[in-house]
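Engineer: output the structure for:
(2 chains)
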Amino acid sequence: MFDLVWLIPLCPLIGSVINGLFGKKIKNETVIGGIAAGSVLCSFFVACGILMQLLSLPGEERHFEKTIFTWIQSGQFKADIGFLIDPLSCVMLMVVTGVGFLIHLYSIGYMHGEEGFYRYFCYLNLFTFSMLCLVSGNNLLLMFVGWEGVGLCSYLLIGYYFHKKSAGDAGKKAFVMNRVGDFGFLLGLFTMFWYLGGQHNVWTINFRELASHAELMPVGGVTTIICLCFFLGATGKSAQIPLYTWLPDAMEGPTPVSALIHAATMVTAGVYMIGRMNFMFIKSPTALLVVACVGAATALFAATIGTAQNDIKRVLAYSTVSQLGYMFLAMGVGAFGAGIFHLMTHAFFKACLFLGSGSVIHAMHHALHHEHSDADPQDMRNMGGLKAKMPITFATFLIATLAIAGVPGLAGFFSKDEILWQAFSNPHHGEMNIILWGFGACAAFLTAFYMFRLVFMTFFGETRLSEKAFHHLHESPWVITLPLVVLACLSIVGGYVGIPKVIGETLGGIPNMWEHYLEPVFAYSTEYMKHAGAHGEAHSVAMEWGLMGVSVIIAFAGIGLAAALYIVKPTIPAAFTNAFPALHRAVYNKWYMDEIYDFAFVNPCKALGNFLWKGFDVVVVDGCVNGVAAVVKGFSGMLRYVQTGLVHNYAFSMTLGVVVIVAAYLFS
Amino acid sequence: MLALENYLVLSAILFSIGTIGVLTRRNAIVIFMCVEMMLNAVNLTLVAFSRYLGNIDGQVFVFFIMTVAAAEAAVGLALMIAFYKNRESIDVEDINVMKL
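Structural biologist: Here you go, the predicted model:
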């Protein structure tokens, strides 16, 4: 089964090529959607087979590399097109193909009747291909190819409705900000290659070889530089401070795209990359601290913005940024397993939330369309009371919301609690731990609050739609609800693979299967920390229980506050807004971050561009080219008088020529 | 029996008349006839030398030249008719449409 790993990325690529080349001719939406979803389903089955085989092996043998061919060979440098199977890449393959398939299925219903239906599926398959390359590539360069590929597909899909200016702008913004991050990724790659090659004569970019040479990297110093460069790449792709502003704008794309690319898969690439390079990050306490602080700050910062947005998708977008911050917090405190765990559970519940919001928007759009109203179908202020009309969407949405809020028993609780506990108890950051934990806890409170605000505004209370429009609301077809149901189930059960140790022991020694499963991937880091003799302060079991209790209380407090403000006394939010207009305006306008960025970076860059255009390009470059042309024109202007157009002149010069030649011949 | 020089002088005179005609006349047909005269002057030289040297090669050349001259006459006259149809003139001074 391992030998078939190349099929996993290949299937979506074939689907993409077929739809891209012949989709316009095929026309039939069922066929196009079937090809796209079917190709991802094939990959999913292969991934399942590989996971089964991997699980049948003992822990230390759980890795396999399949080299298809040598891509680049130059001197000591060698890059393969090859795939790496280990517990980490297997998780990612399952998430990408599994969630990816559900979203492809959903898209068939959601995109029904859209212009460019085939184009959408061509891009979506191409994205899946790139993402699978990213997570299964066995070297940094192949990972980078996938990394760029997903960025391109993200750009194409955000700008899918390209006739809308805002969509085109959002696409460009995402692309440019990602490029800034990619630059960091490349610098990190080059620095590492240069250092290992130049200092230790180890010329490699293969992950396993790098991990086996990890002891060559010094603690701190150049390792910190490399890690920070890689982390810059991760902030771009995974929308962390300072490069996060593109993600909320990316909501201009179709909703399933937001679910797949901007919630479940692509934006987690940065987390995956740090997990993959854990042996590098563990050696740089500074880089770890930066990762943890940026993660914690992003988690809290984005959560504050989420509390004041009215666009249903924007709330979810800021929620995604915030949850990604959690993952980076986990990475930064050395809890790589917990970060990847949250990545997986987040993929389930956030995909479910986005698809649910898509279902709501779909229904709202039709209802408003019937009424010829031009009200915004995404604005929560136009919704309310939808639970009666859309029971399946409501139920699945509620489950996913409970999961993200961290209600015990659901997936989000286990992963989020694990991260908060690790932030509190990790041996890396000493005094900073309590601050990191505090940020995380505050963000957890805000998450519970804004998510339930969203649910209450959308599904509960009196409807704010007109009676006629409300009458036209209806539940979505099965292709839309089926993925919702599956993802909601996963949001419930997904967490039970990683039951925290303290609960497991109480329940009679259930081991944390997740930690155990991922152990081989992070073996070097674990060993390294053991050798360094670093361990956090001993914390009692009671402490862990206590913190768990605190986070549960926090979650319920957030839910309670939302209920109080939006169900019991809906007048309070308005009163609050009136009491603190400046604060509300600042939060509503995303703390003016876009304006600050425009002022600090975008406008200076534009000014520089304008200067280079008008000052350099027009004057110097065009001047050189036009100058050459002018000189040639001048000479030809003089020479053209030779060509009089008079036959006599030509005949005369011929005769003269003959006379000269004959004379020269005779007299020489 | 005339000496070789007589032929050559006659040929030179004919050639010069032809050349001067080409350079000075404006009527295309006259120029054309002058060119024919120059060709025939050369023919005369070739035949004279052929006879003088007792070698038939020169006369073979003459046949070739006459053939080419016939073809040239056909093409040249056709051009002139085409030009006359366009411009109602066969004056070479008028053949200047490609001038800037």
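Engineer: find the closest residue to chain B in the stretch 251-400 of chain A.
Structural biologist: A:E252 (56.7 Å; Cβ to the nearest Cβ). For the C-beta atoms, the positions are set from N, CA and C on the backbone; glycine is no exception.
Engineer: so how far is A:S166 from that residue?
Structural biologist: The gap separating A:E252 from A:S166 is 6 Å, by Cβ to Cβ, to the nearest Å.
Engineer: about what we covered before: okay, the residue of the stretch 251-400 of chain A closest to chain B: pLDDT?
Structural biologist: What the model reports as pLDDT for A:E252 is 89.
Engineer: what of A:S466?
Structural biologist: You'll see A:S466 listed with a pLDDT of 82.
Engineer: what about the spatially closest residue to it that is not a sequence neighbour, how many residues nearby?
Structural biologist: Nearest non-adjacent residue to A:S466, counting by Cβ to Cβ, 6 or more residues apart in numbering or on different chains: A:E371, 6.3 Å away. Applying other Cβ atoms under 10 Å in any protein chain shown, we find 17 residues neighbouring A:E371.
Engineer: with B:L46 instead?
Structural biologist: Other residues within reach of B:L46, judged by other Cβ under 10 Å, total 19.
Engineer: what about it, which SS state?
Structural biologist: Classification of B:L46 by DSSP: H, G, I helix; E, B strand; the rest coil places it in helix.
Engineer: about what we covered before: what's near enough to touch the residue of the stretch 251-400 of chain A closest to chain B?
Structural biologist: The contact partners of A:E252, taken as Cβ atoms under 8 Å, 6 or more residues apart in numbering or on different chains, are A:I158, A:G159, A:Y161, A:K164, A:S166, A:A167, A:A170, A:G171.
Engineer: from A:L187, how far out is the spatially closest residue to A:L140 that is not a sequence neighbour?
Structural biologist: For A:L140, ignoring the flanking residues on the chain, the nearest one in space by Cβ to Cβ, 6+ apart is A:I205 at 4.4 Å. Distance, A:I205 to A:L187, using Cβ to Cβ: 14 Å.
Engineer: and A:H535, what pLDDT?
Structural biologist: Listed pLDDT for A:H535 reads 60.
Engineer: how about A:F522, phi and psi?
Structural biologist: Per-residue torsions, A:F522: phi -100, psi 20 (degrees, to the nearest 10).
Engineer: how many other residues sit next to residue 58?
Structural biologist: Going with chain A. Look at A:P58: counted by other Cβ under 10 Å, it has 7 neighbours.
Engineer: I was thinking of chain B, sorry if that wasn't clear
Structural biologist: Counted with other Cβ under 10 Å, the neighbours of B:G58 add up to 17.
Engineer: wait, it sits on B:L44?
Structural biologist: No - here B:G58 lies out of contact with B:L44, judged by Cβ atoms under 8 Å, at a distance of 10.5 Å.
Engineer: tell me who's in contact with the closest residue to A:F144 other than its chain neighbours.
Structural biologist: Spatial nearest neighbour of A:F144, excluding adjacent residues (Cβ to Cβ, 6+ apart): A:F185 at 6.5 Å. Going by Cβ under 8 Å, 6+ apart, A:F185 touches A:F144, A:W147, A:C229, A:F230, A:L232, A:G233, A:A234, A:G236, A:M273.
Engineer: out of those residues, which is most surrounded?
Structural biologist: A:A234 (30 neighbours).
Engineer: quick one: buried residues of stretch A:310-325?
Structural biologist: Within stretch A:310-325, the residues scored as buried using 16 or more other Cβ atoms under 10 Å in any protein chain shown are A:311-325.
Engineer: name the helix or strand for the spatially most central residue of chain B, please.
Structural biologist: The residue lying closest to the centre of chain B (Cα atoms, centre = their mean) is B:E36, at 2.1 Å. In this assignment (DSSP states H and E), B:E36 forms part of helix B:28-53.
Engineer: now do whatever helix or strand comes next after that helix against helix B:28-53, angle only.
Structural biologist: Counting by DSSP H and E, the next helix or strand C-terminal to helix B:28-53 is helix B:57-87. Angle, helix B:57-87 to helix B:28-53, by axes from the mean of the first three to the mean of the last three Cα atoms, to 10 degrees: 180 degrees.
Engineer: so is helix B:57-87 next to chain A?
Structural biologist: No - Helix B:57-87 lies apart from chain A when judged by Cβ under 8 Å from any Cβ of the partner chain; the minimum separation is 11.8 Å.
Engineer: run the chain-centre distance for that helix.
Structural biologist: 9 Å (Cα atoms, centre = their mean, to the nearest Å).
Engineer: show me what it is packed against.
Structural biologist: For helix B:57-87, the packing partners by 3 or more Cβ pairs under 8 Å, 6 or more residues apart in numbering or on different chains; DSSP states H and E come out as helix B:28-53.
Engineer: distance of the closest residue to chain B within the stretch 451-600 of chain A relative to A:K606?
Structural biologist: Going by Cβ to the nearest Cβ, chain B is nearest to A:D598 of the stretch 451-600 of chain A, at 54.7 Å. According to Cβ to Cβ, A:D598 stands 9 Å off from A:K606.
Engineer: higher neighbour count, the two?
Structural biologist: More crowded of A:D598 and A:K606, by other Cβ under 10 Å: A:D598, with 14 against 11.
Engineer: how many other residues sit next to residue 28?
Structural biologist: All of this is about chain A. By other Cβ under 10 Å, the residues close to A:N28 number 12.
Engineer: the intended chain is chain B.
Structural biologist: B:A28 has 22 nearby residues by other Cβ under 10 Å.
Engineer: contacting residues for it?
Structural biologist: B:M80, B:F83, B:I90, B:D91, B:V92, B:I95 are the contacts of B:A28 under Cβ under 8 Å, 6+ apart.
Engineer: the fifth one and chain A: what is the separation?
Structural biologist: When distances are taken as Cβ to the nearest Cβ, to the nearest Å, B:V92 and chain A turn out to be 4 Å apart.
Engineer: wait, that residue touches A:A651, no?
Structural biologist: No - look at B:V92 against A:A651 with Cβ under 8 Å: they stay out of range, at 9.1 Å.
Engineer: buried ones in stretch A:387-400?
Structural biologist: For stretch A:387-400, burial by neighbour count (16+ other Cβ under 10 Å) applies to A:K387, A:K389, A:M390, A:I392, A:T393, A:F394, A:A395, A:T396, A:F397, A:L398, A:I399, A:A400.
Engineer: OK, contacts around B:V60?
Structural biologist: With contact set as Cβ under 8 Å, 6+ apart, B:V60 has no partners.
Engineer: from B:V42, how far out is it?
Structural biologist: Taking Cβ to Cβ as the measure, B:V60 falls 14 Å from B:V42.
Engineer: touching chain B at all, the helix or strand containing A:N626?
Structural biologist: Using DSSP H and E, A:N626 maps to helix A:622-639. No - using Cβ under 8 Å from any Cβ, helix A:622-639 stays clear of chain B, coming no nearer than 9.7 Å.
Engineer: A:S359 and A:L484 touch, don't they?
Structural biologist: Yes - using Cβ under 8 Å, A:S359 is in contact with A:L484, at 6.7 Å.
Engineer: could you pull out the residues contacting both of these two?
Structural biologist: Here A:S359 and A:L484 have A:T393 as joint contacts, going by Cβ under 8 Å, 6+ apart.
Engineer: in chain A, which residue sits nearest chain B?
Structural biologist: Counting by Cβ to the nearest Cβ, chain A gets nearest chain B through A:G645, at 3.4 Å.
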